[in-house]
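Novice: Here is the input, now give the coordinates:
(one chain, ligands or ions: 2)
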Amino acid sequence: MFKQMFDTESSTFTYLIVDDATRDAVLIDPVDTHLDTYLAMLKALNCNLKYSLETHVHADHVTASGMLRNATQAQTGVNQACGAEAASLQLKDGDELMFGSQKIRVIATPGHTPGSTSFLWNDRLFTGDALLINGCGRTDFQGGDAGALYDCITKKLFTLPDDTLVYPGHDYNGRRVSCIGQEKAINPRLAGKTSDEFIAIMKSLNLPKPKMIDIAVPANRMCGVTEEMMPQG
Ligand SMILES: N[C@@H](CCC(=O)N[C@@H](CS)C(=O)NCC(=O)O)C(=O)O
Ligand SMILES: [Fe+2]
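Specialist: Ligands and ions are numbered 1, 2, ... in the order given. All right, here's what the predicted structure looks like:
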């Protein structure tokens, strides 16, 4: 089972994947304000949350992963390059996460942040803020690196089959899903662009800072929970 959810405040997508036989479940990029909805949904679907995964340390919202870990048996997982030592699992490129008979592969896609990661489940790719629909994550804060982002998108993500579905971390224009073939063909920042051209585009964006950045980044390094809320021992 698969479900895509949307936080209208931050335009963030959250994904739920369930192994039908065992009811083991995974959430990707849960948002703190929706904790009760996730818990009610997991209960209604008779699911055991096994992993709560982050595509990166978010700058625009606080994660629900630490609170989900406290409320369920879930382990939280982030890329080891995120600087989020509070997470249960420090993931790295090539790791595989098993739940029931399902498998998620970790694909490191640094550039938006050094710890940015994509997750591949069958033919569905969760790209976080590396590859967005018709765009990509910005690279002007949190150790962003446009050259690294170009390399991992073109050398790793664009070598996946064209019909791989692309489920992004955000969309600000009402779109929900794309595919690798479409992004290779028409993404205006990447299609037919050299690395230097891409870097020049990223330098010229001049986007305003996310409203939540000063609260969200330190909170997300702690999985969104304070020291006192962490499990002891
Ligand atoms: N207005 C949003 C800013 C959102 C933002 O900067 N999003 C980042 C992802 S964390 C991004 O990469 N945006 C790409 C873009 O806007 O093209 C806020 O205040 O939260
Ligand atoms: Fe982001």
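Novice: contacts, neighbours, all on C-alpha from now
Specialist: Noted.
Novice: So, low pLDDT: which residues of the chain?
Specialist: Scanning the chain for pLDDT under 70 picks out 227-233.
Novice: Alongside ligand 1, which residues does this protein contribute?
Specialist: Counting by Cα under 6 Å from any ligand atom, the chain comes close to ligand 1 at 10, 58-60, 129, 137-138, 210-211.
Novice: you'd agree Lys3 is up against Val26?
Specialist: No - at 10.7 Å, Lys3 does not count as touching Val26 under the criterion of Cα atoms under 8 Å.
Novice: any shared contact partners between these two?
Specialist: 16-17 (Cα atoms under 8 Å, 6 or more residues apart in numbering).
Novice: Now do the buried residues in stretch 170-188.
Specialist: 170-171, 176-184, 187-188 (16 or more other Cα atoms under 10 Å).
Novice: what comes into contact with that stretch?
Specialist: Counting by Cα under 8 Å, 6+ apart, 11-13, 128-129, 132-135, 157-158, 160-168, 190-191 sit against stretch 170-188.
Novice: Next, Asp151: phi, psi?
Specialist: phi -60, psi -50 (degrees, to the nearest 10).
Novice: ok, it - contacts?
Specialist: Neighbours of Asp151 in contact, by Cα under 8 Å, 6+ apart: Ser195.
Novice: Would you map the helices across this protein?
Specialist: Listed in chain order, the helices of the chain (DSSP state H) span 35-44, 65-71, 146-155, 180-186, 195-203, 213-221.
Novice: Buried deepest among those helices, which one?
Specialist: Highest mean neighbour count among the helices of the chain (mean count of other Cα atoms under 10 Å): helix 65-71, with a mean of 21.
Novice: Need the residue closest to the centroid of the chain.
Specialist: Thr55 (2.6 Å; Cα atoms, centre = their mean).
Novice: Now that that one has come up, it's in contact with Thr127, right?
Specialist: Yes - if you go by Cα under 8 Å, Thr55 and Thr127 touch, sitting 7.3 Å apart.
Novice: tell me, what's touching the two both at once?
Specialist: By Cα under 8 Å, 6+ apart, the residues touching both Thr55 and Thr127 are 117-119, 169.
Novice: For ChimeraX, write the select line for the buried members of those residues.
Specialist: Buried members of the shared contacts of Thr55 and Thr127, defined by 16+ other Cα under 10 Å, are picked up in ChimeraX with:
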select :117,118,119,169
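Novice: Sort out for me which of the shared contacts of Thr55 and Thr127 are in strands.
Specialist: 117-119 (DSSP state E).
Novice: between those residues, which is closest to ligand 1?
Specialist: When these are compared for distance to ligand 1 (Cα to the nearest ligand atom), Thr117 wins out at 13.3 Å.
Novice: wait, what's in contact with that closest one?
Specialist: Per Cα under 8 Å, 6+ apart, neighbours of Thr117: 54-56, 79, 106-110, 127-128, 130.
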